[in-house]
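Peer 1: okay, predicted coordinates and the sequence, questions at the end:
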Amino acid sequence: MRALSNSDVDCVLIVGGSPDRSSAKTICYASRGCAHIVAVDRGLDAVLDAGLSCDLFCGDADTVGERGLRLVEEAQSRTKAVSFEVERYDPHKDATDLSLALRAIEKRWPLAEIVCTCVSGGAPDHALGVLGRLAGARSFVRVIEDDFEARILHGNDAWEICAAQGRRFSCVPVSAGAEVSEQGFCWNVDHAQMPLLSDWGISNVVESSRASVQCHEGVIACWLYC
């Protein structure tokens, strides 16, 4: 069984382009321990506003603010010493910026754990698409936002949750044939079979100082709320 996170590999932070982004404090918190930062389109504005710098910009730049766009164009033209790489895409592409960013990360840092922020707010269609893309990633995936932390667990993954008594917890199967065990919650299950997108795991409560959720088969998304 592997448990998130894995300290033996690098972490890459993805700062997404959600219209309702997380606070600068949350972005800085999410960046701790990350060896690389990837800004996805208007996520570059969030990176800059948090006082951080990125290693890679991915996007078509259609939502980036004036300052960020200037930096992207300077990096592309190499007219100034801009310190990040740019993968700029055609706005009429078939894939989302996040999907292409995940591909770019896999190419550059294939074994890296992925931490995400600013990927969940303001657009429910994009949020659902983000969940699908992150569920398909082969890396460990953590999401850190202002009001919650999330994990994507694949078969044989586990999330150990410490000192979170009283906090709300939910898990939703994002693949068919998910099998889940939960311990240390108000409602516990042992090798429960959960249908795709089932609401069985919604709004549980952490009771123990050391709770855990394990995905035996399939893929599940889990949220621990503040």
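Peer 2: Sure thing, it's come through.

Peer 1: all helices for this protein, in order.
Peer 2: Ranges of helices within the chain are 24-31, 43-49, 66-77, 97-108, 124-135, based on DSSP state H.

Peer 1: now render these as JSON lines, adding mean pLDDT and mean neighbour count.
Peer 2: Every C-beta, even on glycine, is put in place using the N, C-alpha and C of the backbone. JSON lines is the format used below for those (pLDDT from 0 to 100; neighbours: other Cβ atoms under 10 Å):
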{"stretch": "helix 24-31", "mean pLDDT": "98", "mean neighbour count": "18"}
{"stretch": "helix 43-49", "mean pLDDT": "97", "mean neighbour count": "24"}
{"stretch": "helix 66-77", "mean pLDDT": "92", "mean neighbour count": "16"}
{"stretch": "helix 97-108", "mean pLDDT": "94", "mean neighbour count": "19"}
{"stretch": "helix 124-135", "mean pLDDT": "91", "mean neighbour count": "15"}
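
Peer 1: out of those, which comes closest to A164?
Peer 2: A164 sits nearest to helix 24-31 of all the helices of the chain, at 16.2 Å, using Cβ to Cβ.

Peer 1: show me what the closest one is packed against.
Peer 2: strand 11-15, helix 43-49, strand 113-117, strand 141-144 (3 or more Cβ pairs under 8 Å, 6 or more residues apart in numbering; DSSP states H and E).

Peer 1: which helices and strands does the shortest one pack with?
Peer 2: Using 3+ Cβ pairs under 8 Å, 6+ apart as the contact criterion, the neighbours of strand 141-144 among helices and strands are helix 24-31, strand 113-117, strand 148-154.

Peer 1: now render these as CSV, adding distance to A61.
Peer 2: Below are the helices and strands packed on strand 141-144 laid out as CSV (distance: least, Cβ to Cβ, whole Å):
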stretch, distance to A61
helix 24-31, 20
strand 113-117, 20
strand 148-154, 27
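
Peer 1: any low-confidence regions in this protein?
Peer 2: Scanning the chain for pLDDT under 70 picks out the ranges 1-9, 79-80.

Peer 1: break it into its domains for me.
Peer 2: Listed domain ranges for the chain are 1-146, 147-226 (source: automatic domain parsing).

Peer 1: list the contacts for the residue nearest to the spatial centre of the chain?
Peer 2: Per Cα atoms, centre = their mean, the C-alpha nearest to the average position across the chain is that of C116, at 3.0 Å. Neighbouring residues of C116 by Cβ atoms under 8 Å, 6 or more residues apart in numbering: 13-14, 16, 30, 130, 134, 141-144.

Peer 1: please apply the same query to F169.
Peer 2: 161, 185, 204-206, 211, 213, 222-225.

Peer 1: cool, and Q76?
Peer 2: 86, 88.

Peer 1: at 6 Å instead, please
Peer 2: Neighbouring residues of Q76 by Cβ atoms under 6 Å, 6 or more residues apart in numbering: V86.

Peer 1: any idea how far it lies from H154?
Peer 2: The gap separating Q76 from H154 is 36 Å, by Cβ to Cβ, to the nearest Å.

Peer 1: all set now, cheers.
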